[in-house]
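[1] sequence plus predicted model, see below.
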Amino acid sequence: MKRKAAELQIRHNFAEQPRRLEHKVIGSLPAGLRQRPGGVELQFRTGRQGQAVAAGIGGGSADAAAALRLLAKANALALDDSRLVEVAQMTGADVPVCLASHACVMTGVGETLLPLALPKLPCVLVNPRVPVATRDVFEALGLRNGELLVGASDVLQATAWPEQGGSLEEWVEALSAGTNDLEAPAARIQPVIGEVISALSATNGAWLARMSGSGATCFAIYENTEEAQRAAQRIRLDHPQWWVHAGVLS
C-alpha cells in the first residue's frame, strides 16, 4: 500500500499584491523549477501589517526573494544555485541581495555583491506615510540615460569598510563618509522627508541620520537599543501619523 505524501504548505504574508508577485517570480523561473514537488502548495497572500509601500526599504524585493527562498527549500536547492540567482537578477536589481539576506555592497545592476561584516546597529526607521515612486526620484535626479554620478576620483577614494570585528563607532564613521544621492531629489518631491531626517537627528543619541533608498523611509543609528527605543517613542509622540519602528540593522 503506497503511503500518501505528506502535504507541505508554504505561506508568507507579502507586501506586494500576490498576483503581481507570482507573475514576477514564478514567471521568471526556468521550466524545470515551475513544477512544484508533489504535496507542496505555494500561497501568495497580501497584507504585511503596518509597512508602507513605495517606502525605499526593499519590501517588494524582499518579498520576491522570500518567494525564491521558499521555492529553493521546496526544491532542495542551494541559495547560490545559478538558476535562482539568474531569476533574482531578472526579477529586480535589489532581489539578489535580498536573496542572499546579508549586508552587502551592491555594484553593477545589483548582480555583484560584496558581503560586509556589520556589527549590530541599533536604529530607528521612520516613514511619513507618503509614497515616493523610484522612477520619479531618478527623473528628478536629472541623469541622462546611461550617465553616472561616479567618476574616477570617486573610485580612487572608495570607502574602506571596517574589517571583521569593527566597532559600531568605526562603522558609523565609514557610513558617514558616504551620501545618498537620491535624498535631495526625493525631498524635492516629498519635502516631508527633510522633516523626518531633522526629527531623527534631533533625538538624543542619534549618530547618523539618512534616507533609505529612494525614500521616503529614513533611519538613524544609535549607540544602543535603549536610546533607539526612547527616540522612537519621542517621534511617535511628536508625529503620531508617521510609521516608526525601532530595531537593529546587521
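    Arrived safely, thanks for sending.

[2] any idea how far Thr91 is from the residue positioned nearest the centre of the chain?
    For the chain, the residue nearest the mean C-alpha position is Gly58 (3.4 Å; Cα atoms, centre = their mean). Distance from Gly58 to Thr91, counting by Cβ to Cβ, to the nearest Å: 12 Å. C-betas here are computed from N, CA, C, even on glycine.

[3] same question, His245
    Relative to Thr91, His245 is positioned 26 Å away (Cβ to Cβ).

[4] who has more neighbours out of these two?
    A count of neighbours by other Cβ atoms under 10 Å puts Thr91 above the other of His245 and Thr91, at 24 against 17.

[5] quick one, phi/psi of that one?
    Per-residue torsions, Thr91: phi -80, psi -40 (degrees, to the nearest 10).

[6] cool, Ala209 as well?
    Torsion angles at Ala209 (phi, psi; degrees, to the nearest 10) stand at phi -130, psi 130.

[7] check Trp243 too.
    The phi and psi torsions at Trp243 (degrees, to the nearest 10) take the values phi -90, psi 130.

[8] the one 4 residues further on too?
    For Gly247, the backbone dihedrals are phi -160, psi -150 (criterion: degrees, to the nearest 10).

[9] Phe219 now?
    Backbone torsions of Phe219, given as degrees, to the nearest 10, read phi -140, psi 160.

[10] and Gln190, by the same measure?
    Dihedral angles for Gln190 - degrees, to the nearest 10 - are phi -130, psi 90.

[11] what's the local residue count around it?
    Gln190: 18 surrounding residues under other Cβ under 10 Å.

[12] tell me the SS of Val109?
    Three-state assignment for Val109 (DSSP: H, G, I helix; E, B strand; the rest coil): coil.

[13] which residues does it contact?
    Applying Cβ atoms under 8 Å, 6 or more residues apart in numbering to Val109 gives the contacts Gln89, Ala93.

[14] same thing but 7 Å
    Residues counted as contacts of Val109 (Cβ atoms under 7 Å, 6 or more residues apart in numbering) are Ala93.

[15] ramachandran angles for Leu143?
    Leu143 adopts backbone torsions of phi -80, psi 140, taken as degrees, to the nearest 10.

[16] what is the longest helix of this protein by residue count?
    Scanning the chain for the longest helix, with DSSP state H as the assignment, gives helix 59-74.

[17] gap between that one and the chain center?
    Its chain's C-alpha centre and that of helix 59-74 lie 13 Å apart, by Cα atoms, centre = their mean, to the nearest Å.

[18] return it as CSV; C-alpha atoms alone will do.
    Output in CSV follows, covering the C-alpha atoms of helix 59-74 (Å, rounded to 0.1, in the frame of the first residue of the first chain):
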residue,chain,number,x,y,z
GLY,A,59,9.7,45.5,0.6
GLY,A,60,8.8,44.2,-2.8
SER,A,61,12.3,42.9,-3.5
ALA,A,62,12.4,41.2,-0.1
ASP,A,63,9.0,39.6,-0.8
ALA,A,64,10.3,38.3,-4.2
ALA,A,65,13.4,36.9,-2.5
ALA,A,66,11.3,35.3,0.2
ALA,A,67,9.3,33.5,-2.5
LEU,A,68,12.5,32.3,-4.2
ARG,A,69,13.9,31.1,-0.8
LEU,A,70,10.7,29.1,-0.2
LEU,A,71,10.9,27.6,-3.7
ALA,A,72,14.5,26.8,-3.2
LYS,A,73,13.6,25.0,0.0
ALA,A,74,10.8,23.1,-1.7
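
[19] buried ones in that helix, by neighbour count?
    By neighbour count with 16 or more other Cβ atoms under 10 Å, helix 59-74 contains the buried residues 59-72, 74.

[20] can you name every helix or strand that it contacts?
    Under the contact definition 3 or more Cβ pairs under 7 Å, 6 or more residues apart in numbering; DSSP states H and E, helix 59-74 sits against strand 8-14, helix 18-26, strand 40-46, helix 82-91, helix 95-100.
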